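[1] sequence first, predicted model second:
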Amino acid sequence: MIFAIILLVLLLISLFGNFAWVISQALNFKGGLSNGISRETGPFLDEYLLKDNDSEKKIAVITVDGIISDSLTDQAGYNLVDVIRAQLERAKKDRRVKAVILKVDSPGGEVLASDEINRLLVKFQQGANGKPVICSMGSLAASGGYYISAPSRWIVANQLTLTGSIGVIMETINFRGLMDKIGVEPYVFKSGKYKDMLSGMRSTNEIPAGEHAMVQNLIDQTYDQFKKVVATGRADAHEKNRNEGRPLAPDWTQYADGRVLSGAQAYDLGFVDQLGDFQDAVNRAKQIANIQDANLIEYRERYDISNFLRLLGQTELSHDVKLDLGMELPRLQAGEMYFLAPTFANFN
């Protein structure tokens, strides 16, 4: 009888799962027909109306809020890059979407994640079917936050926005002195003298002479890429905007030394095109897209049974314990490069 009860429970669970899957697929199919859009990869997205202006045309709002990372995942197991890629694909396929507003409120984050988002935005605006991206900066759009803003056709910042912080940071901690005090001695076996580069277990006299120069060279290469992204993005925008936008100041590289700028300072140096708020960004988006009006929309992730089953398959997530401190702290990893504003760089 016990065996029969177990089989019955498993059968009910299976029936429930199949029913939920059928309903989910039906809803997705219906959404695809109604919008003329099919989902290929990434998270399921539903379209939400932010402001109804009684127009057939749309402006999609994509928000980047907090640390830029491809290692932090949401409830469905997708990271920020996955979500933004899916949102941009959705906006590009919808013929009624005429422009995208990128709302940025971020101190920056991981180098690779910032670069991937930057490339997605560049590609989104290219070609005959490209659509303009207008950036609306919040209270903070620094370092990696500016890196992803740079390819925008037009950048709007509040005069008190904190932006800039153009630079790269890599941190490590040497705790060999503490180990010596408590009597712990490491034994390291390696294939080459640089294999334990940036290891915190070595004493100062064990660090090869050329290691510092090698690490600095990596930093400099990434920093040069940052400046190239800024120069290319602002030059392309100014060429398209002609006399309406702001060109980079001739001496802008002197201010690309990691310092944080106010929105007003960034405007004077040509890092942003306009001082204003989100509504100013909306007005500029309509002007660039050459439309009279448009509904404001955004794409939100849909959580259904498929997300639950996907999380069940990611066993490592089931062991994570998170402490909510009311703010999101950057998870700096030793030896990894970041585009991060210095205000947040002390969290380790």
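    Arrived safely, thanks for sending.

[2] where do the strands sit along the stretch 51-200 of the chain?
    For the stretch 51-200 of the chain, applying DSSP state E, counting those that start in this stretch gives strands covering 58-65, 97-106, 108-110, 133-142, 154-157, 162-164, 169-170.

[3] what's the closest of those strands to residue 4?
    strand 58-65 (52.0 Å; C-beta to C-beta). The way it works is simple: take the backbone N, C-alpha and C, and place the C-beta from them, glycine included.

[4] wouldn't residue 145 be in contact with residue 68 here?
    Yes: under the criterion of C-beta atoms under 8 Å, residue 145 makes contact with residue 68 at 7.2 Å.

[5] pull up the overlap in contacts between those two.
    Shared contacts of residue 145 and residue 68 (C-beta atoms under 8 Å, 6 or more residues apart in numbering): 106, 108.

[6] sorry, back to before: mind putting the strands of the stretch 51-200 of the chain into TSV with distance to residue 249?
    What follows is the strands of the stretch 51-200 of the chain, written out as TSV (distance: least, C-beta to C-beta, whole Å):
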stretch	distance to residue 249
strand 58-65	26
strand 97-106	22
strand 108-110	22
strand 133-142	18
strand 154-157	15
strand 162-164	12
strand 169-170	24
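
[7] can you say which of the ones you listed is nearest to residue 119?
    strand 133-142 (12.7 Å).

[8] what about residue 238, how many residues close to it?
    Counted with other C-beta atoms under 10 Å, residues neighbouring residue 238 total 17.

[9] which elements pack onto the strand or helix carrying it?
    In this structure, residue 238 sits in helix 211-241 according to DSSP states H and E. Applying 3 or more C-beta pairs under 8 Å, 6 or more residues apart in numbering; DSSP states H and E, we find helix 211-241 packed against helix 111-125, helix 144-149, strand 154-157, strand 169-170, strand 337-340.

[10] let's have those in JSON lines, adding mean neighbour count and mean pLDDT.
    Below are the helices and strands packed on helix 211-241 laid out as JSON lines (neighbours: other C-beta atoms under 10 Å; pLDDT from 0 to 100):
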{"stretch": "helix 111-125", "mean neighbour count": "21", "mean pLDDT": "96"}
{"stretch": "helix 144-149", "mean neighbour count": "30", "mean pLDDT": "96"}
{"stretch": "strand 154-157", "mean neighbour count": "30", "mean pLDDT": "98"}
{"stretch": "strand 169-170", "mean neighbour count": "20", "mean pLDDT": "85"}
{"stretch": "strand 337-340", "mean neighbour count": "26", "mean pLDDT": "67"}
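
[11] got TSV for these, with distance to residue 193 too?
    Formatted as TSV, the helices and strands packed on helix 211-241 follow (distance: least, C-beta to C-beta, whole Å):
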stretch	distance to residue 193
helix 111-125	26
helix 144-149	33
strand 154-157	46
strand 169-170	20
strand 337-340	22
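
[12] for residue 298, find the nearest of the ones you listed.
    helix 111-125 (15.9 Å).

[13] return the closest one as CSV; C-alpha atoms alone will do.
    Output of helix 111-125 as CSV, limited to C-alpha atoms (Å, rounded to 0.1, in the frame of the first residue of the first chain):
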residue,chain,number,x,y,z
VAL,A,111,35.4,44.3,-17.1
LEU,A,112,34.1,41.5,-19.2
ALA,A,113,30.4,42.0,-18.4
SER,A,114,30.7,45.7,-19.1
ASP,A,115,32.4,45.1,-22.4
GLU,A,116,29.8,42.5,-23.4
ILE,A,117,27.0,45.0,-22.7
ASN,A,118,28.9,47.7,-24.6
ARG,A,119,29.2,45.5,-27.7
LEU,A,120,25.5,44.5,-27.5
LEU,A,121,24.6,48.2,-27.6
VAL,A,122,26.9,49.0,-30.4
LYS,A,123,25.6,46.1,-32.5
PHE,A,124,22.0,47.1,-31.7
GLN,A,125,22.4,50.5,-33.3
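
[14] tell me which other helices or strands that helix touches.
    Where contact means 3+ C-beta pairs under 8 Å, 6+ apart, helix 111-125 is packed against helix 80-93, strand 133-142, helix 144-149, helix 211-241, strand 337-340.

[15] what pLDDT, on average, does the helix holding residue 238 get?
    Helix 211-241 comes out with an average pLDDT of 93.

[16] residues in contact with the helix or strand that comes right after it?
    Proceeding N to C from helix 211-241, the next assigned helix or strand is strand 260-262, under DSSP H and E. With C-beta under 8 Å, 6+ apart as the test, strand 260-262 has contacts from 142, 159-165, 255, 269, 271, 341-343.
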